[in-house]
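Enquirer: I'd like to go over a predicted model; first the sequence, then the structure.
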Amino acid sequence: MRSRAAAYPLIAVLGWGVMFPVLASALNRVDPLNLTTARYLLAAAVVLVAILLLREGVDALRPGARMVEVVVLGVVGFAGFNVLTNLALEHAAPQQVSLFVATTPVITQLVRWARDGVRPKPLLLGLSLVALLGVGLVITRGSLAGLGQFGVGGLMMIGAVLGWGIYTHGASRFGGWSPLRFTTLTALAGTAAMLAASIGADAVGWQHAPAAADLVAVTPQLAYAVIVGAVIAVLAWNTGVQRLGAANAALFMNLVPVTTFAVQIARGYRPEPVELVGAAVTIAALVAANLANRPRTPASSLPGASAVTDPIAVTDRAAVSAR
């Protein structure tokens with residue numbers, strides 16, 4: 001039974017791992033902000049809203065007294081993470097970006113420490129530094145001369161992962177909401193922010209509104225990002241979290257960079273040995289960090305537990321948002 005349950009988070013992380021190269025290829029035709037906005041207009045305003053209405057009715061679309069909190073988390077989590085990630089893909093390779101995303105569980109614990117005073121284990125902090133060292137090896141290819149490649153793209157991903165860590169921490173405060181409702185309302189808030197930013201950026205010339213031909217050209221990428229990344233993967237992820245527990249499901253997130261590396265290699269990329277070593281170091285450190293932080297009896301494994309109520313339940317830009 002547990003082996004069958006493991007198939008759900010496995011489907012999710014495989015879908016997200018493939019998504020980084022897919023989105024990177026679409027950036028050749030559409031600017032990052034416009035691409036992100038188009039994706040979430042389809043995923044949030046159409047697909048997620050339709051599912052929520054069918055499952056919980058129109059009342060679920062009203063945030064009530066939690067409007068401000070929903071908007072802040074939506075802007076920081078959905079808009080912040082996704083826009084910065086797509087911008088980073090213009091400065092860093094998909095496999096490099098995916099390694100940053102895999103550090104989200106550790107970042108979430110640091111956010112809890114800063115906001116709630118819940119101190120992470122010293123071992124967790126040490127392993128997080130080891131994981132970042134592995135990321136550095138991949139990006140610089142083991143040479144100090146490669147430090148310049150860490151610059152803009154790396155800083156953007158640090159900001160993106162920090163934003164998602166804040167979002168994930170905030171999700172733990174919505175235990176009375178279903179994961180679907182929390183996901184949909186925060187996604188709508190983030191989408192509204194992205195739409196406003198896109199209109200402004202187009203108006204001042206920072207980017208250019210895509211032509212119809214450009215949108216048609218990236219239709220396969222958008223279809224994958226919306227249907228697989230934003231619908232199938234997130235539903236599979238939340239099902240896996242409920243059946244396995246958040247801590248066990250979180251371990252699967254470390255397969256995201258493995259999947260991305262495999263896709264890039266299949267497309268003709270030939271990594272240097274130091275890159276493979278760096279990726280292995282990062283993944284090993286993150287697995288060890290998840291094991292060190294896993295409680296003996298995960299609360300989320302109890303009947304009725306929700307993926308949104310555990311601060312580690314969602315460990316990547318796509319887990320709640322389905323990016």
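Expert: All right, it came through fine.
Enquirer: In the helix or strand that contains residue 201, which residues are buried?
Expert: Following DSSP states H and E, one finds residue 201 within helix 179-204. In terms of neighbour count (16 or more other Cβ atoms under 10 Å), helix 179-204 has its buried residues at 179-195, 197-198, 201-202. Bear in mind the C-beta positions are built from the backbone N, C-alpha and C, glycine included.
Enquirer: before we move on, what about stretch 39-58?
Expert: In stretch 39-58, counting by 16+ other Cβ under 10 Å, buried: 39-45, 47-49, 52.
Enquirer: any low-confidence regions in the stretch 201-323 of the chain?
Expert: Scanning the stretch 201-323 of the chain for pLDDT under 70 picks out the ranges 238, 241-242, 245-251, 290, 293-323.
Enquirer: which residue ranges form the helices in it?
Expert: In the stretch 201-323 of the chain, the segments counted as helices under DSSP state H, counting those that start in this stretch are 212-217, 219-223, 233-244, 246-250, 255-266, 273-293.
Enquirer: so of these, which one's packed in deepest?
Expert: helix 246-250 (a mean of 27; mean count of other Cβ atoms under 10 Å).
Enquirer: what's the distance between the helix holding residue 201 and the middle of its chain?
Expert: Chain-centre distance of helix 179-204: 16 Å, with Cα atoms, centre = their mean, to the nearest Å.
Enquirer: now stretch 42-56
Expert: Stretch 42-56 sits 20 Å away from the centroid of its parent chain (Cα atoms, centre = their mean).
Enquirer: what mean pLDDT does it have?
Expert: Confidence for stretch 42-56, expressed as mean pLDDT, is 91.
Enquirer: From residue 291, how far off is the residue nearest to residue 133 when sequence neighbours are not counted?
Expert: Leaving aside its sequence neighbours, residue 133 sits nearest to residue 281 (Cβ to Cβ, 6 or more residues apart in numbering; 6.5 Å). Separation of residue 281 from residue 291 (Cβ to Cβ, to the nearest Å): 16 Å.
Enquirer: can you check residue 193 too?
Expert: Note on residue 193: its distance to residue 291, by Cβ to Cβ, is 36 Å.
Enquirer: Distance check, residue 258 against residue 138.
Expert: To residue 138, residue 258 is 12 Å away according to Cβ to Cβ.
Enquirer: Now do the shared contacts for those two.
Expert: residue 279 (Cβ atoms under 8 Å, 6 or more residues apart in numbering).
Enquirer: okay but residue 229 is in contact with residue 13, surely?
Expert: No - assessed by Cβ atoms under 8 Å, residue 229 is found out of contact with residue 13, at 11.2 Å.
Enquirer: which of the two has more neighbours?
Expert: The residue with more neighbours, out of residue 229 and residue 13, is residue 13; 28 against 25, by other Cβ atoms under 10 Å.
Enquirer: got any ranges where the stretch 1-150 of the chain has weak pLDDT?
Expert: Along the stretch 1-150 of the chain, segments meeting pLDDT under 70 span 1-3, 139, 141-150.
Enquirer: For it, just list every one of the helices.
Expert: Under DSSP H, counting those that start in this stretch, the stretch 1-150 of the chain gives helices at 2-26, 32-42, 49-56, 67-73, 81-88, 94-101, 104-116, 122-140.
Enquirer: Just send those back as a markdown table, with distance to residue 267 too.
Expert: Below are those laid out as a markdown table (distance: least, Cβ to Cβ, whole Å):
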| stretch | distance to residue 267 |
| --- | --- |
| helix 2-26 | 7 |
| helix 32-42 | 20 |
| helix 49-56 | 33 |
| helix 67-73 | 35 |
| helix 81-88 | 19 |
| helix 94-101 | 10 |
| helix 104-116 | 25 |
| helix 122-140 | 17 |
